[in-house]
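Engineer: Take this sequence and fold it.
(one chain, ligands or ions: 1)
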Amino acid sequence: MSGARVAVVAYSGGLDTSCIVAWLKEDWYGYDEVVAVLVDVGQEFDLEESITRAEAAGADDVLLVDRKDAFAGEQCARAILTNALYEGKYPLVSALSRPVIAGAVAEIALELGAEAVVHGCTGKGNDQLRFELAFKAHYPGVKVIAPLRDRIWTRDEEIEYAIAKGIPVVQTASAPYSIDENLFGRAIEAGVLEDPWNAPPDEPYALTSEPGTAPPPLEVTVGFECGLPVSIDGEELSLAELITRSNRVAGSYGIGRIDMIENRAVGIKSREVYEAPGAIMLITAHSALEDVVLTKDEARLKRPLEQRWTELVYEGCWHSPAREAIDAFVDSTQQLITGDVRVELRPNAVVVTGRRSPHMIYAAGLASYGTGETFPHEAAEGFIRISSLETELHAARTRTSSRA
Ligand code: ARG
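Structural biologist: Modelled structure (predicted):
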């Protein structure tokens, strides 16, 4: 090795990480070589433009890594199996992609023998945790640099710096949102959204239409195998294709627009707007199929574990034994989650209208109020006599002691 100091940047193509590439070569970091790694997790980006911008910022190399299918097959799949909704609403969009992006960056850094890995997160968010924990899981002991935590730059200062360095700038003051996107959805924050009283304007949405403009209601059948969606209306698709298709069809009904105040790991409450039409449609359908297949106790155990899993992933612990242990439980519950769920798409709503599976534990004969039912009514009396023993003893005890 030449002894050159190398830094590898998790590069998004945007203003922050373009400036970061340039800063790493400034005296205050002083790297000899900077490698920008752009990881494709299904976001929209202009490849040519991103490469040009990184090169203008001084990158010695710009690498594009396609992790879209891996992201679908691993993170998105697990989120569906786990019905992952942070604080009951948010399908973890950004939280899922970070371990993938950071993993790709750290692997390249390890191969190159780089001194440092670099991300563009600030000190206020969740993403710094997700990036850094994943960097360290893939490259133990690596040095991590977070330039936007080392020094607070305003957007205007960054724009000025970029212009001075000859880095092409597209951001303008009229596009003040901070947007993160991937196959599983989009996260939109900042700008007018910082005031929680302000209604979200229509402009930052890209995957969803205003529900008022939705087409007539539409029935869609989602087919599942071992917990994962495999087909839409009988057409088999890869998971990445299926999520893309779901985004398109559910997005036209404005499904999956989520406006929430969320609790960040660092203790800040933040106003977030998401659009994740496919994720909401698929999690709703998956959960409905579980309803007819899982036993009562499996379902009761799974719900709190789902929540714990979601919090772990939200707070950056994708690479953790606890997450893996929950996965093992989830996997054991998914063997029989095969079947179909019919949903009706309506403006702003995905409504489950039917579910069927060869493995249903739902038994019409037991549940029916009609003829042909098989429920052992005579046994109910004994069941209740025994179930009520303690209630009776406690009631008798209370009466005696209140008389005394
Ligand atoms: N608050 C969300 C999360 O922690 C979204 C963060 C994504 N970043 C952004 N620039 N919008 O997952």
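
Engineer: what's the next secondary structure element after the helix or strand bottoming out on mean pLDDT in the chain?
Structural biologist: Least confident helix or strand, the chain: helix 364-367 with a mean of 82, by mean pLDDT, DSSP states H and E. Downstream of helix 364-367, the first helix or strand assigned by DSSP states H and E is helix 377-387.

Engineer: and that following helix, what does it pack onto?
Structural biologist: Helices and strands touching helix 377-387, by 3 or more Cβ pairs under 8 Å, 6 or more residues apart in numbering; DSSP states H and E: there are none. From N, CA and C alone the C-beta is placed, and that goes for glycine too.

Engineer: Give me the mean pLDDT for the next helix or strand after it.
Structural biologist: Following helix 377-387 in sequence order, the next helix or strand is helix 389-403 (DSSP H and E). On average, the pLDDT along helix 389-403 is 91.

Engineer: and if you look at stretch 281-298?
Structural biologist: On average, the pLDDT along stretch 281-298 is 98.

Engineer: got the buried residues for that stretch?
Structural biologist: 281-290, 292-294, 298 (16 or more other Cβ atoms under 10 Å).

Engineer: now swap in stretch 13-29 and tell me
Structural biologist: Neighbour-count burial for stretch 13-29, counted by 16+ other Cβ under 10 Å, picks out 13-25, 29.

Engineer: Now distance to the ligand too, for those residues, in CSV please.
Structural biologist: What follows is the buried residues of stretch 13-29, written out as CSV (distance: Cβ to the nearest ligand atom, whole Å):
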residue, distance to the ligand
13, 13
14, 9
15, 12
16, 9
17, 12
18, 15
19, 16
20, 15
21, 18
22, 21
23, 19
24, 21
25, 25
29, 23
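
Engineer: Looking at these, which are in helices?
Structural biologist: 15, 16, 17, 18, 19, 20, 21, 22, 23 (DSSP state H).

Engineer: Mind putting those residues into CSV with pLDDT?
Structural biologist: Shown next, in CSV, are these (pLDDT from 0 to 100):
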residue, pLDDT
15, 92
16, 94
17, 96
18, 96
19, 97
20, 98
21, 98
22, 97
23, 97
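
Engineer: Among these, list the two that are farthest apart in space.
Structural biologist: 15 and 23 (12.3 Å; Cβ to Cβ).

Engineer: Next, count neighbours for the nearest residue to residue 265 once chain neighbours are set aside.
Structural biologist: Take residue 265 and drop its neighbours on the chain: the residue closest to it by Cβ to Cβ, 6 or more residues apart in numbering is residue 315, 4.5 Å away. Number of residues near residue 315 (other Cβ atoms under 10 Å) recorded here: 18.

Engineer: oh, and call the first residue 52 from now on, that's how I've got it
Structural biologist: Renumbered: residue one is now 52, and that last one reads residue 366.

Engineer: May I have the residues that are in contact with residue 366?
Structural biologist: 177, 180, 316 (Cβ atoms under 8 Å, 6 or more residues apart in numbering).

Engineer: repeat for residue 337
Structural biologist: Neighbouring residues of residue 337 by Cβ under 8 Å, 6+ apart: 131, 132, 134, 275, 278, 280, 388, 392.

Engineer: Which secondary structure element is home to the first one?
Structural biologist: Residue 131 is part of helix 128-132, with elements assigned from DSSP H and E.

Engineer: mean confidence score for that helix?
Structural biologist: pLDDT averaged over helix 128-132 gives 98.

Engineer: Let me know the next secondary structure element after that helix.
Structural biologist: That would be, after helix 128-132 and using DSSP H and E, helix 144-163.

Engineer: Can I get that following helix in CSV, CA atoms only?
Structural biologist: As requested, the backbone C-alpha atoms of helix 144-163 are provided in CSV (Å, rounded to 0.1, in the frame of the first residue of the first chain):
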residue,chain,number,x,y,z
VAL,A,144,-38.6,3.2,5.2
SER,A,145,-35.3,5.0,5.9
ALA,A,146,-34.5,2.9,8.9
LEU,A,147,-34.5,-0.2,6.6
SER,A,148,-32.2,1.2,3.9
ARG,A,149,-29.4,2.5,6.2
PRO,A,150,-27.9,-0.9,7.1
VAL,A,151,-27.8,-1.8,3.4
ILE,A,152,-26.2,1.4,2.3
ALA,A,153,-23.7,1.4,5.2
GLY,A,154,-22.9,-2.3,4.7
ALA,A,155,-22.0,-1.7,1.0
VAL,A,156,-19.9,1.4,2.0
ALA,A,157,-18.1,-0.5,4.8
GLU,A,158,-17.3,-3.5,2.6
ILE,A,159,-15.7,-1.3,0.0
ALA,A,160,-13.7,0.6,2.7
LEU,A,161,-12.5,-2.7,4.1
GLU,A,162,-11.4,-3.9,0.6
LEU,A,163,-9.6,-0.7,0.0
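
Engineer: in its sheet, what does the next helix or strand after it sit against?
Structural biologist: Per DSSP H and E, the first helix or strand lying C-terminal to helix 144-163 is strand 167-169. Using DSSP bridges, the strands paired with strand 167-169 are strand 57-61 (parallel), strand 194-196 (parallel).

Engineer: Those strands: which one's closest to residue 204?
Structural biologist: Of all those, strand 194-196 sits nearest to residue 204, with 14.5 Å by Cβ to Cβ.

Engineer: So what's the gap between that closest one and the chain middle?
Structural biologist: Relative to the centre of its chain, strand 194-196 is centred 25 Å away, using Cα atoms, centre = their mean, to the nearest Å.

Engineer: Quick one: mean pLDDT for that strand?
Structural biologist: Strand 194-196 carries an average pLDDT of 98.

Engineer: now do stretch 390-410
Structural biologist: Rounded mean pLDDT across stretch 390-410 is 98.

Engineer: And for stretch 361-379?
Structural biologist: In this model, stretch 361-379 carries a mean pLDDT of 98.

Engineer: One more: stretch 136-152?
Structural biologist: Average pLDDT, stretch 136-152: 98.

Engineer: Can you spell out which helices and strands pack onto whatever helix or strand residue 312 lives in?
Structural biologist: Per DSSP H and E: residue 312 is located in strand 308-314. For strand 308-314, the helices and strands in contact under the criterion 3+ Cβ pairs under 8 Å, 6+ apart are strand 320-326.

Engineer: No more questions from me, cheers.
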